[in-house]
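Novice: Predicted model and sequence follow; I will ask about them next.
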Amino acid sequence: MPFKKRYFLLPILAALFIWLIFQTYAEVKANTIRDFNRQQLSLARQAAQGLERFFAQYQKELNFLVSRPAILSLNRHGKDVMHAYFASRLDDIRAITRVSAQGRILYTVPVAPQALGKDISDQEHVQAILKSRRPVVSEVFQAVQGYPAVALHVPALRDGVFHGTWLSWSRSTNWRNITLAT
């Protein structure tokens, strides 16, 4: 009899041992996945906060610029200011553009002759600012200048009257290329 008990008990102990190993593995795997997901969520929140700060800073700068009469009227001094601002932000933005209240590109830095006068009112983010008269950040789209971009539009107002937008463009894969629009 003791011989039969041994053959019966040994497989049960082996099965129990294997089950414990798999249970431990499953728990370690679940904990690892949970920790990884927490870390990814934390990184995503930090990235979102960084982008929000980035766009908030540019929005403040564009609001300041668009409040200048030379920018609204787009005279020679206004164009010089746009060029100077672009030069000071060359590491961050790809272009700055002045868009009319009807959604046409009035001027862009760097100068892109193929873009001047182009009607961009069919773009979703342009429609949004033309309707709301509030700042808008676009989804990634193909800019008239020919590159993928994210646009930040800020309304250009004079005495409460909407005169178009300031627009900033950014490459989707390189935040150096933010385009600011007023």
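Specialist: Alright, I've got the coordinates.

Novice: Run the chain-centre distance for the longest helix seen in the chain.
Specialist: When the chain is parsed with DSSP state H, its longest helix is helix 2-66. With C-alpha atoms, centre = their mean, to the nearest Å as the basis, helix 2-66 stands 27 Å off its chain's centre.

Novice: any weak-confidence spans in this structure?
Specialist: Low-confidence segments of the chain, defined by pLDDT under 70, span residues 1-6, 167-182.

Novice: coming back round to it: and the longest helix of the chain, what does it pack onto?
Specialist: The contact analysis (3 or more C-beta pairs under 8 Å, 6 or more residues apart in numbering; DSSP states H and E) places helix 2-66 against helix 76-88, strand 148-153, strand 165-170, strand 179-181. All C-beta atoms are positioned from the backbone trio N, CA, C, and that covers glycine.

Novice: swap the cut-off to 7 Å and go again
Specialist: Contacts of helix 2-66 with other secondary structure elements, assessed using 3 or more C-beta pairs under 7 Å, 6 or more residues apart in numbering; DSSP states H and E, are made with strand 148-153, strand 165-170.

Novice: Between helix 76-88 and it, find me the angle.
Specialist: Angle between the axes of helix 2-66 and helix 76-88 is 150 degrees (criterion: axes from the mean of the first three to the mean of the last three C-alpha atoms, to 10 degrees).

Novice: let's number from 7 now, not from 1
Specialist: Okay, residue one is now 7; in that scheme the one you just asked about reads as helix 8-72.

Novice: Helix 8-72: what's the following helix or strand?
Specialist: Using DSSP states H and E, the next helix or strand after helix 8-72 towards the C-terminus is helix 75-79.

Novice: got the buried residues for that following helix?
Specialist: Judged by neighbour count using 16 or more other C-beta atoms under 10 Å, the buried positions of helix 75-79 are 77-78.

Novice: try stretch 95-112
Specialist: Within stretch 95-112, the residues that qualify as buried by neighbour count (16+ other C-beta under 10 Å) are 95, 98-106, 109-112.
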